[in-house]
Every structure is written in C-alpha cells, then in structure tokens.
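Asks: just the structure for this:
(one chain, ligands or ions: 1)
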Amino acid sequence: MEPIRVDIAYQECINAKCRARFDVGEPLFECPTCGDLLDVRYDWDRAVLPKRLEDFEAKWSVPGDPLAFSGVWQYQEFLPFAPPQYVVTVGEGKTVFQQADRVAPFARMNAGRLFLQYEGMNPSGSFKDNGMTAAYTHARLVGASRAVCASTGNTSASVAMYAAVDGRLPAIVLVGSGKIAYGKLAQALDYGVTVIQVEGDFDTCMRRVKQVARELGIYLMNSLNPFRLEGQKTIMYRVIEGLLWQVPDWVVVPGGNLGNSSAFGKAFRELYDVGLISRIPRLAVIVAEGADTLYRIVNQEQLRWNDGRVDDARIQAFYEQMDAENRRAKTVASAIEINRPVNLKKCLRALEWTDGIVEKVSDQEILNAKAQIGTGGFGCEPASAATVAGVRTLREAGVINADDRVACVLTGHPLKDPNITVAYHTMEADAIDATYGAYGFHAAAYANRPIPVADDLDKIVAALQA
Ligand code: F0G
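Replies: This next block holds a predicted model:
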C-alpha cells in the first residue's frame with residue numbers, strides 16, 4: 001500500500017451547536033470553545049484506503065515491521081493522525097478471537113454463533129493498550145512531558161506499562177483508595193509510576209484528574225482523550241478480521257466510562273461511510289445493575305443523541321438527582337464501577353449509529369457468566385463477563401436470536417482480579433451473602449470447589465474416586 005497521509009486529520013467538537021475545529025497538534029481533552037467532547041476526524045476523500053478489507057491481509061506477511069505486527073497499527077490507514085516515526089508500540093492488539101461453542105449454551109446461543117474477542121491477551125492484560133498506544137503516540141506528537149490518568153485499574157496499568165517500556169514520558173495515576181483490584185494495582189506499582197491513592201471512587205478521581213491536567217498542563221490519558229478512542233476502534237477491525245471480513249449481527253461490550261462503545265460506533269460508521277462495509281452491526285452495551293447511569297438515561301429518561309443536540313440540562317438534572325440521593329456506583333465488577341461516564345454523549349451517538357441498545361445485569365449474573373467463560377476457554381475479569389450475562393438476558397427477552405452472530409468483547413484478563421474468583425469458587429453461600437450480599441451476589445451457581453485433603457495417599461485417592 002502507499003504511505004498513509006496524516007495531513008488529513010483534525011479535531012472537531014461533537015456538539016452540533018459548536019463544531020469548532022482544532023489541529024491534531026493541540027493537546028486537548030475538551031473543546032476549548034464549549035467544553036464538550038472532541039472527535040478525531042479525517043478527510044476520507046484524500047485518504048489512502050484499501051479497496052477491500054481483505055487487502056489488510058498483505059500486512060500479515062511483513063516481517064520485522066512493528067507497525068505491521070501491532071494489531072492496532074496494522075490498521076493505521078483508519079487512524080492516520082501521526083507520522084510513523086512518532087508511533088509508540090509495544091506489540092499490542094495481538095488478541096484472540098474465538099468461536100465459543102462451549103459458552104454458547106449458557107448464553108442461550110446456537111453453536112457457531114457466539115464469539116469471544118479476548119482483549120485480556122494484550123501486554124498489560126486489558127483492551128486499554130489499544131487506546132494507549134494511540135494516546136502515547138499523540139503525546140509524543142505534541143511533545144508532552146508527563147502523562148496522567150484516573151482509573152479503576154486497567155487504564156492505570158496500561159499507562160504505567162507504556163511509561164515503563166517507552167521511558168520518555170513519566171506517568172502519574174490516580175486511583176480510588178481500596179477501589180481497584182489487586183492485579184491492577186500491582187501492575188502500576190511494579191511499573192514504577194507515581195500512584196496517587198485518592199480517598200474516594202473513580203468518579204471522584206475522574207473529576208480531580210481533569211483539574212490536575214488543566215492546572216499543571218499534564219497530558220491526559222483517559223478516554224476523554226479522542227486519540228485513545230482511535231486506537232480502540234481497531235478492536236472492531238479485528239472482530240471483522242476474525243469473521244474473515246464479515247460483520248457480526250451484534251457486538252456486545254461492557255459499559256463503564258463508555259470509551260469502547262463510543263469508539264466501536266465510530267469504527268463502524270467510518271467503515272460504512274467509506275464503503276468498506278455495507279451493514280453496521282448492532283451494539284449492545286451492558287452495564288452493571290449497581291452502576292446503571294447509561295441504562296437509566298437511555299431506557300428510562302429516553303435521552304437521545306438528537307443529531308448532536310443532546311439535552312444537556314436533563315443530564316445535569318439527572319446527576320443532581322443522583323447526588324441528592326447520594327447514589328454511588330457499587331458493583332463487584334470494579335472496572336465499571338462508574339456513575340458519571342465521561343463519554344456518555346458519544347455513546348448515545350454510537351447507539352444511534354448502530355441501532356444499539358443498553359441492558360443491565362446483576363453482579364450475581366456477571367459472576368456466573370464469568371465462571372462459564374472460564375470453563376469455556378481463557379477466562380476474563382468480572383466487568384468483561386457482563387457481556388455474556390447480557391447476551392443471556394437479551395436472548396431470554398427475544399432481542400437477540402439464537403442464530404445471530406454475536407461478538408462479545410472480553411475486556412480484561414482473568415488474573416486482574418483473582419480475589420473475587422477465589423471467593424466465588426471457595427466461599428459457602430452464607431459467607432458469600434454476608435460479604436457480597438449488598439452487591440446482589442448471594443450464591444455461586446458454578447462453583448468449582450477445591451477438595452481439602454490430608455497429606456495421605458489413601459485419602460487423596462479416595463477423594464479422587466468420590
Ligand atoms: N472492562 C474493563 C476490564 C475495564 O477496565 C473497563 C474500564 C471497562 C470494561 C469499561 O470500558 O470505560 O470504555 O466503557 N476501565 C477504566 C479504567 C475505566 O480506568 O481502567 P469503557
């Protein structure tokens with residue numbers, strides 16, 4: 001393929017009343033004119049694009065080229081905002097797309113119709129690396145000297161890993177104290193970045209990190225950063241690649257800060273607009289019952305994208321009511337324990353573009369689904385399992401058909417949160433109820449109990465024959 005063109009990229013405010021434009025060289029995480037979210041946009045008419053998606057297969061056989069090796073940058077034609085010499089890549093995005101026939105019955109799907117996209121196979125163990133390689137690349141492009149993020153754990157692990165591997169951009173991460181799973185905290189500590197444990201939850205950290213980024217002029221790595229979402233679009237290209245260049249009927253994704261759902265909608269919309277796909281799959285965003293802002297905004301408040309004129313006053317009133325009720329996010333799926341998703345409006349747009357829907361699932365359903373995903377293959381962390389739990393619910397409701405082709409994005413690795421997994425498999429129902437009852441988790445339907453046995457061969461043999 002010819003070299004890509006990067007002079008065709010710009011940033012644009014998503015608000016139809018504003019639509020202010022900015023150069024890609026400006027480090028922004030909100031529109032300086034109106035404060036709304038920004039998009040990275042491209043003049044596709046001047047872009048160098050393949051004629052067919054199959055043409056990307058040529059990159060599978062390019063030895064020694066890190067940009068062809070990366071599961072993100074092999075699709076750089078769809079995110080042409082930086083010259084190749086700025087790209088910071090650690091070989092992210094080499095993930096696994098698997099037909100999951102052993103999980104399909106639990107999800108009430110027919111054999112051959114449920115697929116799992118294992119993003120936990122990324123170098124830092126979550127989908128975040130797809131976005132972080134793009135954000136780090138942009139940070140280098142604009143000459144940033146420090147990076148900062150707020151996190152429920154995976155963003156911080158990913159930022160910390162890139163900071164460690166790249167070595168040119170020191171990072172600071174803000175996490176809610178006691179709010180992040182140990183696997184993720186361990187990563188940030190081990191990679192040697194500055195870890196600030198803020199008293200409070202993710203929503204608190206997110207509010208503070210914006211202030212810190214503004215006050216100290218530090219480059220923000222959260223998904224408010226539109227360049228991060230450009231990298232996350234590639235997860236969808238790889239799903240299509242996994243289906244040998246066909247689109248599924250449904251893409252199912254957990255909703256937290258709503259970066260992924262926003263990025264996926266944009267990916268499909270762009271492919272459709274440039275004529276590389278003829279049909280856009282439907283997006284199902286699954287939230288946890290204890291962190292259900294999106295569900296309530298869409299299904300109860302009936303708020304819509306409305307061509308870029310979202311009713312801001314109603315969102316504001318919704319959040320004020322939430323504060324008045326002192327409602328805080330609470331779910332064992334700590335990755336998505338978020339009540340004020342920063343990409344809410346972009347997600348509404350993605351739902352519009354994809355004829356998408358929002359469903360919620362309980363922590364009990366999430367953990368049962370997680371155990372089934374584990375039994376059926378590589379496993380995932382709790383937030384990721386919301387997808388399969390959501391498919392099961394949507395099958396029951398008759399929204400998804402057993403013969404639809406459904407791709408669930410498993411966003412994080414099973415070892416991210418070993419505590420909840422061990423608790424699920426080892427605790428008695430009354431202990432689960434006492435510890436996790438407030439989360440709506442009461443009993444482990446698929447517990448795989450370890451068998452305690454004395455150091456005695458006869459007893460071990462007897463246990464195996466029981
Ligand atoms: N799944 C996992 C494993 C996550 O870590 C996250 C978000 C999500 C799903 C939700 O994705 O925000 O794009 O809707 N984790 C962020 C973090 C918030 O800080 O690591 P989203």
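
Asks: is stretch 371-378 in proximity to the ligand?
Replies: No. Using C-beta under 6 Å from any ligand atom, stretch 371-378 never reaches the ligand; the gap is at least 12.9 Å. Heads up, the C-betas are built off the backbone N, CA and C, glycines and all.

Asks: please apply the same query to stretch 276-288.
Replies: No. Counting by C-beta under 6 Å from any ligand atom, the ligand has no neighbours in stretch 276-288; the shortest distance is 7.9 Å.

Asks: can you pull up the most central residue in this structure?
Replies: N260 (4.5 Å; C-alpha atoms, centre = their mean).

Asks: is it correct that that residue falls within a helix?
Replies: Yes. When DSSP: H, G, I helix; E, B strand; the rest coil is applied, N260 is found to be in a helix.

Asks: for it, which non-adjacent residue is closest in space?
Replies: Nearest residue to N260 in three dimensions, chain neighbours excluded: V253, at 5.2 Å (C-beta to C-beta, 6 or more residues apart in numbering).

Asks: what segments of the stretch 51-200 of the chain are strands?
Replies: Counting by DSSP state E, counting those that start in this stretch, one finds strands in the stretch 51-200 of the chain at the ranges 96-99, 114-118, 147-151, 171-176, 194-198.

Asks: packing partners of the third one?
Replies: If I follow you right, that is strand 147-151. Applying 3 or more C-beta pairs under 8 Å, 6 or more residues apart in numbering; DSSP states H and E, one finds that strand 147-151 contacts helix 128-141, helix 154-166, strand 171-176, helix 202-216, strand 219-220.

Asks: likewise the last one?
Replies: With contacts taken as 3+ C-beta pairs under 8 Å, 6+ apart, strand 194-198 sits against strand 171-176, helix 182-190, helix 202-216.

Asks: ok, which of the ones you listed comes nearest I338?
Replies: For I338, the closest of the helices and strands packed on strand 194-198 is helix 202-216, at 5.3 Å, according to C-beta to C-beta.

Asks: what's the average pLDDT for that closest one?
Replies: For helix 202-216, mean pLDDT rounds to 96.

Asks: ok, residues contacting it?
Replies: Helix 202-216 is contacted by residues 29-30, 146, 148-152, 172, 174-176, 179, 198, 218-220, 222, 224, 257, 328-329, 337-340, 342 when judged by C-beta atoms under 8 Å, 6 or more residues apart in numbering.

Asks: among these, which are in reach of the ligand?
Replies: Residues of the contacts of helix 202-216 in contact with the ligand (C-beta under 6 Å from any ligand atom): S151, T152, N257.

Asks: can you put these in a markdown table and add pLDDT?
Replies: Output for those, formatted as a markdown table (pLDDT from 0 to 100):
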| residue | pLDDT |
| --- | --- |
| S151 | 97 |
| T152 | 95 |
| N257 | 97 |
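
Asks: look at the residue nearest to N260 and give its secondary structure.
Replies: V253 ends up strand, using three-state DSSP.

Asks: and it, how many neighbours?
Replies: 30 (other C-beta atoms under 10 Å).

Asks: go ahead and confirm it touches I286.
Replies: Yes. In this structure, V253 is within contact of I286 by C-beta atoms under 8 Å, at 7.2 Å.

Asks: tell me the contacts of V251?
Replies: By C-beta under 8 Å, 6+ apart, the contact list for V251 reads M236, V239, F264, P281, R282, L283, A284, T354, A407, V409.

Asks: please read the previous query as pertaining to C408.
Replies: Contacts were defined as C-beta under 8 Å, 6+ apart; by that measure C408 touches L114, F115, L116, Q117, V252, V253, T387, V388, V391.

Asks: check contacts around the third one.
Replies: When you say that, I think you mean L116. Counted by C-beta under 8 Å, 6+ apart, L116 has contacts F97, Q98, A100, V103, I373, G377, V388, A407, C408, L410.

Asks: how far away is it from the ligand?
Replies: 14 Å (C-beta to the nearest ligand atom, to the nearest Å).
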